[in-house]
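1. Compute the structure for the input listed below.
(2 chains)
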Amino acid sequence: MTALVTGSTGFLGTALVERLLARDGADLRCLVRQGSDRSRLDALAAKHPKAKLERFVGSLASADAAAKAVEGVDVIYHVAAAMGGAPADLFLNTVVSTKHLFDAVLRTSRPGARPRVVLVSSFGVYGVADLPRGALVDESTPLEPHPERRDPYSQAKLRQEKLCWAYHERDGVPLVVARPGVIYGPRGSAFSGRVGLNLFGLFLHLGGDNPLPLTYVENCAEAVALVGERPEAVGQAYNVVDDDLVDCRRYLRLYKQNVKRVPSVSLPYPLTVAVSHAVERYHRFSQGQLPAIFTPYKTATSWKGNRFTNAKLKALGWRQLVPTDEGLRRTFDYLKAQTAA
Amino acid sequence: MSLKVAIVGCGKIADGHVEEIQKMPELARVVAVCDLEPLMAEQLAARYGIARHGDDFGRLLAEEKPDVVHITTPPASHLPLALKAIEAGCHVYVEKPFTLQHADSKRLIERAEAANKKVSIGYTYLFDPPALEMRELLRQGALGEVVHVESFFGYNLDGAFGKAILGDPNHWVLGLPGQLFHNNIDHMLNKVVEFFGDDEEAPPLAAFGSVRRAGRFGDARDKMMDELRVVVRGRRTTAYGTFSSHIRPAAHFVRVYGTKNTAHVDYVMRTVTLDAAPTLPSAIGRLVPAFAQAGRFAKAGGKNVVRFAKSEFHFFSGLNYLFRAYYRSIVDDAPPPIAHRDILRVSAMLDEIFRQLDEQRGGLS
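-> As a prediction, the model looks like this:
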């Protein structure tokens, strides 16, 4: 079975390649863009000399370019997505590139023999702003009904997932969607926006005691690998989140204890709501002189607080490989070393 | 009367166009957006609540009948799209660079003039608050006669756009005759052309370009020049142009050297300051000017605080000013805010710079 991994040089992509290599008879094609850093893939290849690990230089910049990459594969792990940049770039490098990937699949395979696509989506696609505080988010939670009120990253991820479902329903491309929460680990970032925001050196702790839907990068990669190999997963979406979660306050405290002291101030949720009303009003009044970082809708989405379940993923047989204590220890060790460097 | 505007090309800069147009509903409104990639048109329309989007420009022109078309596509398509829009009876606003070569720019201007349509180009910095302030100083005679102009445009290849260019060996910027310079140095040249005499089409110039980065890719990207110096010999006013991808900070300024005063027009800090000179004798004369200069910056900074308080300190101030002036020129059938002569001067200078750089490359190989 040949698998293609897009985004294979990235944070999750490399971890996924490692989890796929841990399986017997792995035959992997890793899509790498020209000029991107391949050193970690090279190290994995050296560690697994018997595995087939092709580093395929290409891109998803057009369906033609993508066609060469998807030819002859049985499963595609589509991890590549833009993580930042202008909204147009986010759409181009997340949504349009996904369209090229699927068009390439249609062009290079026959109906009934399409490769399975595993999309790495995001918790960001759920529409949670109007849910009550503490509501449980599972895979049946509706997708965001007001993408235009969300940040461009979430808009792009939502449009990407909807596009994938359209190819699944219209063209019969077998699709599995993994929706990770906050992926963390060495080489990842220190803080999810769910904990709070860094404002000119002062950390605004906005997440209160909300559960932080962490998934250690190795655990997440294992989940993505697993849903890609289970036939019953086709047509399904899976939340990817670890079992023993910490809350935002505890995460911040542990970070301060184990990495470095950061000046922080905690804003209770009602105050954050009031501030976001004021920010939105000023944004409108000044015709966008300062960006609307906070709006009541974004605030409700990010900081009102939800609970998350991974029951569906566990029913498929997923088990958390790295306990959260250990994941946090490894992450904070890495972040501390970065701070010292 | 509110003009119907259509935008073709839904990349990054299109966001700025829509945002600014939506601030002037009394003058104009965006009725449709178009892109060869329907998903890109859709995302722009969805984020800004625009009624219509699509990938067929001809159909959009026929059905929406816009008064004005803004062309925000990569430069190779500017000419055919602009001609098509003019043919459909639209005024056209074209992002820089106007076209790929001077002959095409002349053709486009001639076609627009023959059809009695207004043309503008995205020279937004000409209308940023410091540029307007500098022009006011000139008008008042505070600078005297302009002897020399120095235009500096710093660039950051580590920024989002720079990364996009270097991340893709087939990026359209690499296919432009002047590559990275072609997409940027309009902003360096357009600030000097207004200082040349009415009888000067495009003054003689000498250009020197180089690649300062270390090669990383082993393909054409490694050969993309990233440093450029230009010396322009106008009859009464001379000019230097500097485009640099490596000097830090990535400054953006014009210095206007006059017979009475020298003005430093800073587009990053948004300040205009006159250079201080000694007015007192001896060592005192050398002590005082630094404080005088500091005082001038403090005053300019204070003006910006007032602008901020009045919500007049937006990133796209110049774009907003230019759009308003351009739309008014359409409504009132008045001359457009940027003279066709200056658009053509810049395009002629671009041709000449790239010709010299080609020669230089040939000489080096």
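
2. if I look at residue A:25, how far off is residue A:6?
-> Going from residue A:25 to residue A:6 by C-beta to C-beta, to the nearest Å gives 21 Å. No exception for glycine: its C-beta is placed from N, CA and C like everyone else's.

3. in stretch A:167-181, what counts as buried?
-> Using 16 or more other C-beta atoms under 10 Å in any protein chain shown as the burial criterion, the residues of stretch A:167-181 that qualify are A:167-168, A:173-181.

4. quick one, which of residue A:25 and residue A:6 is more surrounded?
-> Neighbour count, other C-beta atoms under 10 Å in any protein chain shown: between residue A:25 and residue A:6, residue A:6 has more, with 28 against 8.

5. How about the contacts made by that one?
-> A:13, A:31, A:60, A:69, A:76-80, A:101 (C-beta atoms under 8 Å, 6 or more residues apart in numbering or on different chains).

6. Dig out what it forms beta bridges with.
-> Applying DSSP bridges to residue A:6 gives these bridge partners: residue A:78.

7. mind listing the helices in the chain by residue range?
-> Because you didn't say which chain, this covers chain A. Applying DSSP state H to chain A gives helices spanning A:11-21, A:39-47, A:63-70, A:87-91, A:97-108, A:152-171, A:217-229, A:248-258, A:269-285, A:296-303, A:311-315, A:324-340.

8. meant chain B, my bad for not saying
-> Counting by DSSP H, the helices of chain B are B:12-21, B:38-48, B:57-64, B:78-87, B:102-114, B:129-140, B:160-166, B:179-184, B:186-189, B:282-309, B:317-331, B:340-364.

9. Format those as CSV; extra columns: mean neighbour count, mean pLDDT and distance to residue B:214.
-> As requested, the helices of chain B are exported to CSV (neighbours: other C-beta atoms under 10 Å in any protein chain shown; pLDDT from 0 to 100; distance: least, C-beta to C-beta, whole Å):
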stretch, mean neighbour count, mean pLDDT, distance to residue B:214
helix B:12-21, 22, 97, 28
helix B:38-48, 21, 97, 34
helix B:57-64, 16, 97, 42
helix B:78-87, 20, 98, 33
helix B:102-114, 17, 98, 34
helix B:129-140, 17, 97, 35
helix B:160-166, 17, 86, 12
helix B:179-184, 22, 97, 16
helix B:186-189, 25, 98, 25
helix B:282-309, 12, 95, 37
helix B:317-331, 21, 98, 35
helix B:340-364, 18, 93, 17
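
10. want to throw those into a markdown table with distance to residue A:205?
-> Shown next, in a markdown table, are those (distance: least, C-beta to C-beta, whole Å):
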| stretch | distance to residue A:205 |
| --- | --- |
| helix B:12-21 | 31 |
| helix B:38-48 | 30 |
| helix B:57-64 | 48 |
| helix B:78-87 | 49 |
| helix B:102-114 | 55 |
| helix B:129-140 | 38 |
| helix B:160-166 | 29 |
| helix B:179-184 | 41 |
| helix B:186-189 | 42 |
| helix B:282-309 | 28 |
| helix B:317-331 | 35 |
| helix B:340-364 | 51 |
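
11. Save these as JSON lines, and put in distance to chain A too.
-> Listed next are the helices of chain B as JSON lines, based on distance: least, C-beta to the nearest C-beta, whole Å:
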{"stretch": "helix B:12-21", "distance to chain A": "4"}
{"stretch": "helix B:38-48", "distance to chain A": "4"}
{"stretch": "helix B:57-64", "distance to chain A": "18"}
{"stretch": "helix B:78-87", "distance to chain A": "18"}
{"stretch": "helix B:102-114", "distance to chain A": "26"}
{"stretch": "helix B:129-140", "distance to chain A": "13"}
{"stretch": "helix B:160-166", "distance to chain A": "5"}
{"stretch": "helix B:179-184", "distance to chain A": "16"}
{"stretch": "helix B:186-189", "distance to chain A": "18"}
{"stretch": "helix B:282-309", "distance to chain A": "7"}
{"stretch": "helix B:317-331", "distance to chain A": "9"}
{"stretch": "helix B:340-364", "distance to chain A": "23"}
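
12. what's the closest of these to residue A:121?
-> Nearest to residue A:121 among the helices of chain B is helix B:38-48 (16.8 Å), distances taken as C-beta to C-beta.

13. quick one: contacts for whichever residue of chain A sits closest to chain B?
-> In chain A, the residue found nearest to chain B is residue A:286; the distance is 3.9 Å by C-beta to the nearest C-beta. Going by C-beta under 8 Å, 6+ apart, residue A:286 touches residue B:311.

14. Distance of residue B:279 relative to chain A?
-> 39 Å (C-beta to the nearest C-beta, to the nearest Å).

15. got the phi/psi numbers for that residue?
-> phi -120, psi -10 (degrees, to the nearest 10).

16. hang on, the earlier thing: among the helices of chain A, which comes closest to residue B:5?
-> helix A:87-91 (18.3 Å).

17. which ones are touching residue A:298?
-> Residue A:298 neighbours (C-beta under 8 Å, 6+ apart): A:149-151, A:276.

18. How confident is the prediction for it, by pLDDT?
-> What the model reports for residue A:298 is a pLDDT of 96.

19. Could you do residue A:58 as well?
-> 88.

20. and if you look at residue B:365?
-> 48.

21. that older thread, please report which of the contacts of residue A:6 has the highest neighbour count.
-> Neighbour-wise, the contacts of residue A:6 (other C-beta under 10 Å) top out at residue A:77, 32 neighbours.

22. Correct me if wrong: that residue contacts residue A:228.
-> Yes: using C-beta atoms under 8 Å, residue A:77 is in contact with residue A:228, at 6.0 Å.

23. Now the common contact residues for the two.
-> A:3, A:118.

24. residue in the stretch 251-365 of chain B nearest to chain A?
-> Closest point on the stretch 251-365 of chain B to chain A, by C-beta to the nearest C-beta, is residue B:311, at 3.9 Å.

25. Pull the residues that contact stretch B:264-281.
-> Outside stretch B:264-281, the residues that touch it by C-beta under 8 Å, 6+ apart are B:125, B:128-131, B:133-134, B:137, B:142, B:249, B:251-256, B:261-263, B:285-286, B:288-290, B:292-293, B:296-297, B:300-301, B:303-304, B:313.
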